[in-house]
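S.K.: okay, sequence plus prediction incoming.
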Amino acid sequence: MAIRKILIVTNIPTPYRIPLFNEVYRQLKVRGIELKVLFGAEGYARRKFRFQAEQCQFPFAFLGSSSVAFGDSEKTMFSYGGIMKAIRAEQADRVVVSGFSLATMRLWWRSWWTRQEYIIWSGAIAHPGRNDSFLRRLQRRLVVSRASGFLAYGTLAKDYLIGLGARPDRVGLAFNTVDTTFFSEETEGLRKSLTAGPPFHLTYVGYLSARKNVVRVLEVVKKLKESRTDFVLDLVGDGDQREELENWAKNNGLETCVVFHGYKQKENLPAILARSSVFLFQTDFDIWGLVLNEAMAAGLPVICSPHAGAAPDLVVEGETGFIMDYADTIGVVNRVSQLLDYPEQARQMGIRAADRIRQRFSLTDSARAYVETLLAEG
């Protein structure tokens, strides 16, 4: 079947998705194939980024979605109102839909009386300690059973899809990524003007929520402060636990070595990453963790939680960083001290991290794998 047009249906135009869609659009265009992206909404309460339409090189439109937050501040469901009408109007040959959303369910329902093919693009992974309900797994197995193909964020996401019944040969691996060139080039330029040496900067970037359990990072800092004072933790991000974390830091005497920067737009992050010596990525559960891509592209050694979906794909133990459970406070403290005490060793590890991102996890590579899956014959 000749493919003339592809439609992507996803929730919101995040700053890290727009560059990917631009590259997918470019690669499809040279093949004479149209691409259009349908967003459920322009944003929602938790997301503080600024949407800049002029950055979108691809055609796009917004659906008449309403959104509902449930469970906690990180869970938002979109209605994708008007999606059926939009799909009929666009007459796309293939539709890519994000995850196991209401949009995916609507496409599954539609597939029973049309020949519309849909491809599930998912980062969902198994969550240790959480037993999926029977109904949840049934719903996911149903939508997987009628999908024509799959795009997985990474190795763990691919394994999860296969566990739901997806044929392995239909699961494409398009690694979740960001505009890594931006972080590499911007950080490298800024770093040239900085003076090496203390105070050393440790960096955490992420949402301050219960799921991230950022107090683990503060516990590391508290223990580290017992043996040295030549460092500062730059804690970048906002969230419903910020005040609680600020109080914890104050009550434990960390005011002089922890700086809460709040949320920063993408263009402001390189200045913080450029002066950093080590990137600390703590989470109790993340299906991926794009801040890890950003930090490694910026040339930083990382100490990454094993509960991040990106960990097995991005981190080569002892080469680009370390995978460590932050519940092991002493172990993490010892690793941080090692990297601070041997800055050249840490610098070389950061160089290898940047090389790994450039060689395997660039936008071009991810978009190429994305396009190959879109055009694969079922």
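M.R.: Structure received.
S.K.: who's in contact with the lengthiest helix in the chain?
M.R.: If you go by DSSP state H, the chain has its longest helix at helix 343-360. With contact meaning C-beta atoms under 8 Å, 6 or more residues apart in numbering, helix 343-360 is reached by 175, 180, 184, 196, 277-278, 293, 295-302, 314, 316, 319-321, 338-340. Any C-beta I mention is one placed from the backbone N, CA and C, and that applies to glycine too.
S.K.: try it again at 7 Å.
M.R.: Outside of helix 343-360, the residues within contact range by C-beta atoms under 7 Å, 6 or more residues apart in numbering are 180, 184, 196, 277-278, 293, 296-297, 299-302, 316, 319-321, 339.
S.K.: go on, stretch 314-332?
M.R.: 216-217, 219-220, 223, 282, 292-293, 296, 301-306, 311, 335, 349, 352-353, 356, 361.
S.K.: hey, where'd the helices end up in the stretch 1-150 of the chain?
M.R.: Here the stretch 1-150 of the chain has its helices, by DSSP state H, counting those that start in this stretch, at 17-29, 83-90, 102-110, 134-145.
S.K.: quick one, which of these is nearest to Val236?
M.R.: helix 17-29 (20.1 Å; C-beta to C-beta).
S.K.: pLDDT on the closest one, on average?
M.R.: Averaging pLDDT along helix 17-29 yields 97.
S.K.: for it, which residues meet the burial criterion?
M.R.: 17-25, 27-28 (16 or more other C-beta atoms under 10 Å).
S.K.: next one: it to chain centre, how far?
M.R.: With C-alpha atoms, centre = their mean, to the nearest Å as the basis, helix 17-29 stands 17 Å off its chain's centre.
S.K.: which strands and helices sit next to it?
M.R.: strand 5-10, strand 34-39, helix 363-375 (3 or more C-beta pairs under 7 Å, 6 or more residues apart in numbering; DSSP states H and E).
S.K.: let's see that with 6 Å instead.
M.R.: Secondary-structure packing of helix 17-29 (3 or more C-beta pairs under 6 Å, 6 or more residues apart in numbering; DSSP states H and E): strand 34-39, helix 363-375.
S.K.: show me the shaky parts of this protein.
M.R.: The model of the chain has pLDDT under 70 over residues 1, 44-48, 67-75, 129-131, 378.
S.K.: how does it divide into domains?
M.R.: If you go by automatic domain parsing, the domain ranges for the chain are 5-177+362-375, 180-360.
S.K.: how long is the first one from one end to the other?
M.R.: The first and last residues of domain 5-177+362-375 sit 11 Å apart, counting by C-alpha to C-alpha, to the nearest Å.
S.K.: go on, the shortest one?
M.R.: Terminal residues of domain 180-360 lie 11 Å apart, using C-alpha to C-alpha.
S.K.: do the same with stretch 333-348
M.R.: 20 Å.
S.K.: tell me the spacing between Gly40 and Ala86.
M.R.: 11 Å (C-beta to C-beta, to the nearest Å).
S.K.: more neighbours, the two?
M.R.: Taking other C-beta atoms under 10 Å, Gly40 and Ala86 do not tie; Gly40 has more neighbours (28 against 19).
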